[in-house]
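*Asks:* I would like the atomic coordinates for the input below:
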Amino acid sequence: MLLTEAELGDLLASFSVSAFRFELRDRYNSTVGAEPYRKWLAGESDDYAWHQSWMQKVSQDTAAGKAWQRVRIVSVPASDYTRYSIEVGRLSVEAGEDIRYLRRDLAKSLGLRPYDAWLLDDSRLVWLHFKDSDDTFTGAELVTDPEIIARHRSWQDLAWKRALPLAEFASKLVS
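*Replies:* Coordinates of the predicted model:
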């Protein structure tokens, strides 16, 4: 049985040391993010009020010594959504999250085969499920198998070493 978005939120609130996210999709479709993304595509301004609670959570957690980390495995050339994620990601970085980008072709050449997931405290893996037809979240699956977690941890370490910090990746897109 898949966990709901609310149950996933409870899991994310329960970590004590580190929360690491692998993002593998070239686009995510959420009820919260749909309108801001539409505005961005249209060149309209956004006050990012919808993102404030996330930034506050990250800021509080990092001030308390917790780590929020994310590697986005992306296609190049970058999609509109990837460019949008960079803009919004800058706000999360300011709040304390460490976000990095890894080209999909490089991830593949490194043998990385992670799932879209959260790894919490190196002990709980949460696989995220999405509908391929429209990129909407359908649920999450808690995985506690030590071998699967160890495999994801090794992918995390490898990806982290090779991924570029958000600002560096963004600068390479415009150069």
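*Asks:* ok, Arg72 to Thr4 distance?
*Replies:* Plainly put, Arg72 is 24 Å away from Thr4 if you go by CB to CB, to the nearest Å. Every C-beta, even on glycine, is put in place using the N, C-alpha and C of the backbone.
*Asks:* which one of these two has more residues nearby?
*Replies:* Arg72 (23 against 13; other CB atoms under 10 Å).
*Asks:* List the contacts of the helix or strand of the chain at the bottom of the mean pLDDT ranking.
*Replies:* Least confident element among the helices and strands of the chain, by mean pLDDT, DSSP states H and E: helix 31-41 (a mean of 88). For helix 31-41, the external contacting residues (CB atoms under 8 Å, 6 or more residues apart in numbering) are Ser45, Asp46, Tyr48, Trp50, His51, Asp80, Tyr81, Tyr84, Glu87, Val88.
*Asks:* for the nearest residue to Arg113 once chain neighbours are set aside, what are its contacts?
*Replies:* Nearest non-adjacent residue to Arg113, counting by CB to CB, 6 or more residues apart in numbering: Trp155, 7.1 Å away. Trp155 makes contacts with Phe22, Leu112, Arg113, Pro114, as judged by CB under 8 Å, 6+ apart.
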